[in-house]
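> I would like to see how this sequence folds:
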Amino acid sequence: MVPFDSAAESVVSASVEDTMDANGLAREPSISSEPGDNRDYAKICQFDAAAAGQIHMEFRELAHQIFEVAAAIPGVAGVRLWQIADGEPTVWQESGILPLPDKIAIEGATSAHASAGTEVYHWVCPVKCSGDIVGVLEFCSPEPMGKDARNSLENLARVASAAWNNTIHRQVAEELSAIVLATKLLNSTLDLGELIKIILQLATRLTGAERGTVFLVNREQNEIWSLVGLGLEEQEIRLPIDRGVAGWVARHAESVRLENVYADPRFEPTVDRRLAYRTRNLLGLPIRSKDGEILGVLELINRKEGSFSAVDEDSLNHLSDHVALALENARLYRELLAKQRMERDLEVARNVQRGLLPERPPDLAGFEISVAYKPSQMVGGDYYDFVPLNPRALLIVIADVEGKGLASALMMANLQATLHTLTVHVHPLEQIVKSVNDMIFSDRRRARLVSMFVAILDQQHRALHYINAGHVPPALIRVDGETVELRNGGTLVGAFPDATFTRGYIELSEGDVLAGYTDGITEAMDAEGNQYGLERLVNMVRRERTASAERIVETALAEVESFSRGSPLDDDRVIFILKVL
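As a prediction, the model looks like this:
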């Protein structure tokens, strides 16, 4: 006969020895330290279908050892091991001579505080793990059991509980190890495409799925889209968020397991048709951020053996928080890179735009000219230019393209090129503006309007020929303090086809100061919403009229900046000063 204590101890030691070191401490798992190593994936995926079978074999071995010990107890003719899952008892293993399984009796035993039995021929003992009943040992004897036999059975149930605990703790330790390693893999890259590949490698190996896709949610476009798909040759898939199983998961934030996808109305078969593939079963899981926002959906299809189970779902749920955090970090990094690329591109565009504007005003005998430009963004749509027409005539342009930013800057560049082309052949002022109007109106793709002040400065006669095409009127401050606003011209450029423009004319005298500007100057607002206005600009010019043109420009910008302090720079600013000497 096998001694009971020796046999019972072997049950415990067999389930503990692989997880403990010589000092009785949990042994650190041996894993690869290199992210992406195949050994990492192999270690993580030991809880796939094959690994689950390995754990099951360990429990079967445990049950076999329990049976061996029970058989050594005098009078025991049969042993049955019940497993309790979600409160439901099911027969797991049995051996020897036993009556038919009686679930009602077993359910009664699970609610008892100790062992239970209706008669001395039949003995039932609960098996506990961390205080919860996870199983029941049922013993039968052809003759009444003595007190010693019952004590041995209770001791066996206690030792079985300890062994069961050790086996489960080993499984939990391995799962935690796998989660830690998976977290390391997920944090090994900030590249979104590479990260999604890692997620799919982990998910498909853990569940035995043939293929998988990570759908990301685009709230602005109200769609879900995949950057890569494992086994799909990295084809991009975009779907409205109200279609398909993945869309349903994204909208309802709930998991879905389908054994037959074509029997479910939520399944969208168009992807199968497009990829010449047949989906049989499916598992869809929402990917949540730490704030509960749905970042995406992990969709796995066609489990290689059978259908997806609750175990598959639980395995992935253990990783879901880490997946969500890694995706969020990768998304933020992707946005940062895109922002940096945009800033570099805008810096290049800014330099190009600056190259289109004159470096400095021309030197013209009898006149002093200064100008400054301050865009609200890195590039803008305000424009000024000086184009010599002949030794005694200078074309002056101040324009404001509708809007701001890159689109307005592109229109400004087009306007500059058109004006320079037109002035190669000296056309009448009216014809220049009309040609620009027709060019802008015909290009409806851009559909932007332009306000423009165009003038020809006649040096010999000290006169100004001009057309104001919907622009804020420049102010001519006479030496005697009179102010003349230059308004003659017409409507905004690009507003109507075949628009006509009329020319204005004004003579200039020594001491006169002409102030041209864009609406970013006069419409600058203070914190209370009051505009700087033309009156303040004119008063400043009167006050500073004896200063140089450059000094007046600097004062104007400083005064507008001081006035609008506390308010954002919402529009581009151009200030132009022409002094008659």
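
> can you give me the helices for the stretch 401-550 of the chain?
406-424, 429-442, 519-522, 533-544, 549-563 (DSSP state H, counting those that start in this stretch).

> highest average neighbour count across those helices?
Neighbour counts (mean count of other C-beta atoms under 10 Å) averaged over each of the helices of the stretch 401-550 of the chain peak at helix 519-522, with a mean of 22. Using the backbone N, CA and C atoms, a C-beta is placed for each residue, glycine as well.

> what does it contact?
With C-beta atoms under 8 Å, 6 or more residues apart in numbering as the test, helix 519-522 has contacts from 374, 376, 382, 400, 451, 472, 531-534, 537, 556, 560, 569-575.

> ok so, going back, quick one: closest of the helices of the stretch 401-550 of the chain to residue 358.
Nearest to residue 358, of all those, is helix 406-424, at 10.5 Å by C-beta to C-beta.

> could you check the distance from the residue nearest to residue 66 when sequence neighbours are not counted over to residue 75?
Spatially, and ignoring its direct neighbours in sequence, residue 66 is nearest to residue 160 (5.3 Å; C-beta to C-beta, 6 or more residues apart in numbering). Per C-beta to C-beta, to the nearest Å, residue 160 is found 18 Å from residue 75.

> cool, and residue 488?
Note on residue 488: its distance to residue 75, by C-beta to C-beta, is 121 Å.

> for residue 314, same thing?
42 Å.

> Which one of these two is surrounded by more residues?
The neighbour count for residue 314 versus residue 75, taken as other C-beta atoms under 10 Å, is higher for residue 75 (19 against 10).

> Phi first, then psi, for that one.
With angles defined as degrees, to the nearest 10, residue 75 sits at phi 90, psi -10.

> just so I have it, where are all the helices in the protein?
4-16, 38-44, 49-71, 103-110, 147-186, 192-207, 244-252, 270-275, 310-356, 406-424, 429-442, 519-522, 533-544, 549-563 (DSSP state H).

> which ones are touching residue 241?
217, 222, 223, 224, 247, 250, 251.

> and of these, the nearest to residue 204?
Nearest member of the contacts of residue 241 to residue 204, counting by C-beta to C-beta, is residue 224, at 19.3 Å.

> Please name the bridge partners of the closest one.
Beta-bridge pairing of residue 224 under DSSP bridges involves residue 217, residue 239.

> Please verify my assumption that it contacts residue 248.
No. Assessed by C-beta atoms under 8 Å, residue 224 is found out of contact with residue 248, at 10.3 Å.

> which of those two has more neighbours?
Between residue 224 and residue 248, counted using other C-beta under 10 Å, the more crowded position is residue 224 (28 against 20).

> first to last residue in stretch 565-575, what's the distance?
Length of stretch 565-575, first residue to last, C-alpha to C-alpha, to the nearest Å: 18 Å.

> pLDDT (mean, whole number) over stretch 537-557?
Averaged over stretch 537-557, pLDDT sits at 93.

> Let me see the residues that make contact with it.
Residues from elsewhere that reach stretch 537-557, judged by C-beta under 8 Å, 6+ apart: 368-372, 374, 475, 477, 481, 483, 511, 513, 515, 517, 521-522, 559, 573, 575-579.

> which of these are buried?
With burial judged by 16 or more other C-beta atoms under 10 Å, the buried subset of the contacts of stretch 537-557 is 368-371, 374, 475, 477, 513, 515, 517, 521-522, 559, 573, 575-579.

> Out of those, name the ones that lie in strands.
368-371, 374, 475, 477, 513, 515, 517, 573, 575-579 (DSSP state E).

> Let me see the mean pLDDT of stretch 143-153.
77.

> Residue 488 and residue 577, how far apart?
21 Å.

> Please apply the same query to residue 395.
Distance from residue 395 to residue 577, by C-beta to C-beta: 17 Å.

> got it, and residue 422?
Taking C-beta to C-beta, one finds residue 422 at 26 Å from residue 577.
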